[in-house]
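Chemist: Sequence first, predicted model second:
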Amino acid sequence: MSDARKRMVARAARDIQPGMTVNLGIGLPTQVVEHLPHDMQVCLHSENGITGIGPSLTYEQADRNLIDAGGAYVSPLPGTAFFDSAVSFALVRGGRLDLTMLGAFQIAENGDLANWKIPGKFSPGAGGGMELAQKARRVVVMTTHTDRKGAPKIMQRCTLPLTAKACVNRIFTDMAVIDVTDTGLVLREVAEGLSTTTVQAATGANLIIPDETLPRF
Amino acid sequence: MSDARKRMVARAARDIQPGMTVNLGIGLPTQVVEHLPHDMQVCLHSENGITGIGPSLTYEQADRNLIDAGGAYVSPLPGTAFFDSAVSFALVRGGRLDLTMLGAFQIAENGDLANWKIPGKFSPGAGGGMELAQKARRVVVMTTHTDRKGAPKIMQRCTLPLTAKACVNRIFTDMAVIDVTDTGLVLREVAEGLSTTTVQAATGANLIIPDETLPRF
Amino acid sequence: MKLSDKTTAISDAIDKISDGASIMVGGFGIPGTPFCLIDELVRQGPKNLTIIKNDANETDMGIDHLLKNGQVTRLITTHIGLNARAIAMMNEGVITVEFCAQGILAERIRAGGAGLAGILTDIGIDTELGDGKQQITVNGSPQIVETALKADFALIHADQADTFGNLAYVATARNFNPLMAMAASTVIAETEALVPMGQLAPDTIHTPGPFVDHVVELAELTKEYAVVRR
Amino acid sequence: MKLSDKTTAISDAIDKISDGASIMVGGFGIPGTPFCLIDELVRQGPKNLTIIKNDANETDMGIDHLLKNGQVTRLITTHIGLNARAIAMMNEGVITVEFCAQGILAERIRAGGAGLAGILTDIGIDTELGDGKQQITVNGSPQIVETALKADFALIHADQADTFGNLAYVATARNFNPLMAMAASTVIAETEALVPMGQLAPDTIHTPGPFVDHVVELAELTKEYAVVRR
């Protein structure tokens, strides 16, 4: 993983506040947990039916019946609870999930998210992603700023099938931290060594760039 | 309780088949349990969240947290399960309740049941009665054949607000056992000492009376 | 990582409830009714409350204290036959009572907790309870739209809780409690025993902690929790 | 009174499943998947099955054996990304796949088990998953009608069961199992341990016995139940 992506993951971890219940999506978001303070008060949820997830386990340590939704073997904490899939998504849709961090194929400037289907190429089903995107109290996305061909993932409108409309609050990329606001995308932080001009050039939608010096990560 | 009502209760108990899951409503139906064979395989359900109810307890023996829906203190059996009110009625509406025995104010010849409200006099709410009446696989009613003034409770049409339409399969009274069929009310059994003419005279709807000698109870 | 501590003094927890609040209250008969939380609600005295509860307890018990104290304007319930005062107040128009079929009240609360807008059921169709409700056709059959119920607060009685708010109920004291514990903006649970974190087996927790906001440990049980001779 | 004995030989239980049956299968990934019941279903070979399952397991595991054996015509699921064969069969039109949002699949199954006609939700609105579904307005907001799912059979994996069919699941092997165990006409549960009546504490039973028709005690677990190195 590039250094910038590692710093993105570490930066994203700082958005998790004590006392939150958080769902970390498969892929980059899962790595956020490694950057949380050891004694932090945070309750991790996984949609296959756990709250209070502890650290991941090696195959030797693993309990065959205890995985997260991404299939990783995890451990319980004192206070872990197990429940069925209906209760698990009741927690998500009912407003008890404070934050979810998700991957993305495309994000539109109004907060639309596409991350589940590329017609003709990738259609495995949405899993729990739609409900996480539509119903978590706060939705942040972690993604490379551009795709493998260098094309922007942040754009005026998504061209792929949507996961949920106007759901994204904040975007973490290897280039920037961007907030989705009522007036548009606001650039909040920039990766070390990049200019705001470079970030704008790699973005398929207009960025509102505040006058003050932006923090680096 | 009159001797005929006692015999009605004992007769009704014989309709419970081994392996059934059964809900016995408040009042006369509750007494059916006293007439079941001691070692009978039957699972009693109560809508406040139990299957596998055991015998009632005295106040000295009672567990303050273990009542049936009528407020009686009951005991567990080996294999009793406790669950919440949503699961309890899922069992009823989902088709897993083989039989319910309910009280009645009025029963119509098409099986309509009224047992929850007497406008202006008695409107405490339906509780779980509507779902039991509408969704148990088999609904039998236990009632005195006439009200305190001698007026028939079995009639062509109910005049009181309905609990559920066309739900009753069988009626046990202190005078008779009557089945609700597609062609009308069929007299199946008659209480000791009564003539079929007497039963018909106390009934507000036409009874189909088979030619053969009817069993007595 | 560790889980947060939600233990709260009973007065602080109930102090969050203001005039006009809607409040779900657990219990079916005596078991599972949070009598101590109700007593504190009577002591603090907020008014114009909407109470959502299976029953109205009995005269001089549980939410009857709220009725007697004039704190309730509306009751959503299934059966109030054991409380003559509730029936009298309903008949006199002092309180508004909305009756639901018991399992439908459970499902409406559960739907609220599950973030659904409602459920579709044929229970109560062609009866007074179905009157005036939206109906739609699903697979050729008429179905009533029963809307989800949410509330500002839920008052819950648990047998055991840990400091994070994981709850376990006992016997028929479970009833509506786990459903209501999902369906309110602020969930206050009283518990007979506050146990150390990790003591509740993760497979046997009935309400996971993230649904619960405040855990109130009961110092002692009032006599209303006891076996009643009738 | 006592409770009946529902223990059944695995071959007799699965023998009830005929061509064209709809079958709910528990599990989310490996945990909670009834691999032994699936193996017996492959051995007996009924065809034209509709499978309702969160996922399609992985290639050469679980329901993939049914796909490989040509027994499945329709799959109702949420995500099949770990089974390349399932994706290929879908793309080639050999099987029909209906995708649901994961929690909505759970709710549709639960609604089936709860005897409801469906639920009302805004999940998937303005997305492909909402296309073509009935919508109604509830309290001013558009809601999708998601119809209840029932099945002819449910195949369930329990950690412990008694002979009456009271079931307890462990850790994340619970997932869809308790929902499916309410939603099928005939419920067949395999169990790792068959325990004496009364050994399961009544407060910790996840699926009450009346929902279950057949209890199959597993003599041993196949290797598919084990930890997988990836």
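Modeler: Thanks, I have it. Numbering: from 1, shown residues only, chains lettered A, B, ... in the order given.

Chemist: contacting residues around stretch A:9-19?
Modeler: A:22, A:28-29, A:31-36, A:40-42, A:98-99, A:101, A:140, A:142, A:170, A:172, A:177, A:189, A:217, C:4 (CB atoms under 8 Å, 6 or more residues apart in numbering or on different chains). In short, each C-beta sits where N, CA and C put it, glycine included.

Chemist: Can you tell me which of those are buried?
Modeler: Taking 16 or more other CB atoms under 10 Å in any protein chain shown as the criterion, what is buried in the contacts of stretch A:9-19 is A:22, A:28-29, A:31-33, A:42, A:98-99, A:101, A:140, A:142, A:170, A:172, A:177, A:189, A:217, C:4.

Chemist: chain center to the strand or helix carrying C:Thr73, what's the gap?
Modeler: Here C:Thr73 sits within strand C:72-77, counting by DSSP states H and E. In this view, strand C:72-77 has its centroid 12 Å away from the chain centroid, taken as CA atoms, centre = their mean, to the nearest Å.

Chemist: tell me which strands and helices the very next helix or strand once past it is in contact with?
Modeler: Tracing the chain past strand C:72-77, the next element assigned as helix or strand by DSSP H and E is helix C:84-91. Applying 3 or more CB pairs under 8 Å, 6 or more residues apart in numbering or on different chains; DSSP states H and E, we find helix C:84-91 packed against helix C:64-68, strand C:96-99.

Chemist: at 7 Å what do you get?
Modeler: With contacts taken as 3 or more CB pairs under 7 Å, 6 or more residues apart in numbering or on different chains; DSSP states H and E, helix C:84-91 sits against helix C:64-68.

Chemist: Flag every buried residue along the helix it packs on.
Modeler: Under the neighbour-count criterion of 16+ other CB under 10 Å, helix C:64-68 has C:Asp64, C:His65, C:Leu66, C:Leu67 buried.

Chemist: Using TSV, lay out those residues together with distance to D:Ala173 and pLDDT.
Modeler: Shown next, in TSV, are the buried residues of helix C:64-68 (distance: CB to CB, whole Å; pLDDT from 0 to 100):
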residue	distance to D:Ala173	pLDDT
C:Asp64	45	98
C:His65	45	98
C:Leu66	43	98
C:Leu67	46	98
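
Chemist: Would you map the helices across chain A?
Modeler: Here chain A has its helices, by DSSP state H, at A:3-13, A:85-93, A:129-135, A:196-201.

Chemist: Mean neighbour count and mean pLDDT added to these, as CSV?
Modeler: Formatted as CSV, the helices of chain A follow (neighbours: other CB atoms under 10 Å in any protein chain shown; pLDDT from 0 to 100):
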stretch, mean neighbour count, mean pLDDT
helix A:3-13, 18, 95
helix A:85-93, 27, 98
helix A:129-135, 27, 98
helix A:196-201, 14, 98
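
Chemist: Residue 192 - nearest residue in space that isn't next to it in sequence?
Modeler: Unless you meant another one, I'm taking chain A. Distances taken as CB to CB, 6 or more residues apart in numbering or on different chains place A:Arg216 nearest to A:Glu192, at 5.1 Å, with adjacent residues excluded.

Chemist: nope, chain C
Modeler: C:Asp159 (5.4 Å).

Chemist: Tell me the secondary structure at the one you found.
Modeler: strand (DSSP: H, G, I helix; E, B strand; the rest coil).

Chemist: can you pull the contacts of it?
Modeler: Neighbouring residues of C:Asp159 by CB atoms under 7 Å, 6 or more residues apart in numbering or on different chains: C:Ala168, C:Tyr169, C:Val170, C:Ala173, C:Glu192, C:Ala193.

Chemist: Look up how far C:Ala193 lies from it.
Modeler: To C:Ala193, C:Asp159 is 7 Å away according to CB to CB, to the nearest Å.

Chemist: now the helix or strand containing C:Ser185: how far from the chain's centre is it?
Modeler: In the assignment (DSSP H and E), C:Ser185 maps to strand C:184-194. Distance, stretch centre to chain centre, for strand C:184-194: 11 Å (CA atoms, centre = their mean).

Chemist: now do stretch C:177-192
Modeler: Distance, centroid of stretch C:177-192 to centroid of chain: 7 Å (CA atoms, centre = their mean).

Chemist: what's the first-to-last distance across stretch A:138-149?
Modeler: In terms of CA to CA, to the nearest Å, the two terminal residues of stretch A:138-149 are separated by 30 Å.

Chemist: quick check: mean pLDDT across it?
Modeler: Across stretch A:138-149, pLDDT averages out at 97.

Chemist: Residues contacting it, please?
Modeler: A:8, A:12, A:15, A:28-29, A:98-104, A:107, A:113, A:133, A:152-153, A:167-176, A:202.

Chemist: Next: stretch A:30-44.
Modeler: A:9-10, A:12-13, A:16, A:18-22, A:24, A:51-53, A:70, A:101, C:1-4, C:210.

Chemist: returning to what we had before: so which of the helices of chain A comes closest to D:Glu92?
Modeler: When the helices of chain A are compared for distance to D:Glu92 using CB to CB, the nearest one is helix A:129-135, at 25.4 Å.

Chemist: Now whichever residue of chain A sits closest to chain B: closest residue in space, sequence neighbours ignored.
Modeler: Nearest residue of chain A to chain B, counting by CB to the nearest CB: A:Ala86, 10.0 Å away. Excluding the flanking residues, the one nearest A:Ala86 by CB to CB, 6+ apart is D:Ala106, at 4.4 Å.

Chemist: At the geometric centre of chain C, which residue do we find?
Modeler: C:Val25 (2.4 Å; CA atoms, centre = their mean).

Chemist: Give me the pLDDT for that residue.
Modeler: For C:Val25, pLDDT reads 98.

Chemist: With A:Met1 instead?
Modeler: Reported pLDDT for A:Met1: 67.

Chemist: Would you mind listing what in chain C touches chain B?
Modeler: Residues of chain C found near chain B (CB under 7 Å from any CB of the partner chain) are C:28-31, C:77-81, C:87, C:99, C:101-103, C:106-107, C:110, C:123-124, C:126-129, C:170-176, C:178-179, C:225-227, C:229.

Chemist: Would you write out the PyMOL command that picks the buried residues out of these?
Modeler: Buried members of the residues of chain C next to chain B, defined by 16+ other CB under 10 Å, are picked up in PyMOL with:
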select buried, chain C and resi 28+29+30+31+77+78+79+80+81+87+99+101+102+103+106+107+110+123+124+127+128+129+170+171+172+173+174+175+176+178+179+225+227
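
Chemist: Kindly export the longest strand belonging to chain A (C-alpha atoms) in PDB.
Modeler: Longest strand in chain A, counting residues (DSSP state E): strand A:74-82. The C-alpha coordinates for strand A:74-82 follow below in PDB (Å, rounded to 0.1, in the frame of the first residue of the first chain):
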ATOM      1  CA  VAL A  74     -12.200 -11.900  15.000                       C
ATOM      2  CA  SER A  75     -12.200 -12.100  18.800                       C
ATOM      3  CA  PRO A  76     -14.800 -11.000  21.400                       C
ATOM      4  CA  LEU A  77     -14.300  -8.300  24.000                       C
ATOM      5  CA  PRO A  78     -15.800  -8.200  27.400                       C
ATOM      6  CA  GLY A  79     -19.300  -7.000  26.400                       C
ATOM      7  CA  THR A  80     -19.500  -8.500  23.000                       C
ATOM      8  CA  ALA A  81     -23.000  -9.400  21.900                       C
ATOM      9  CA  PHE A  82     -24.200 -11.800  19.100                       C
END
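
Chemist: At which residues are the strands of chain C located?
Modeler: With DSSP E applied, chain C shows strands at C:22-25, C:49-52, C:72-77, C:96-99, C:118-121, C:135-138, C:141-147, C:151-161, C:167-168, C:184-194, C:214-217, listed in chain order.
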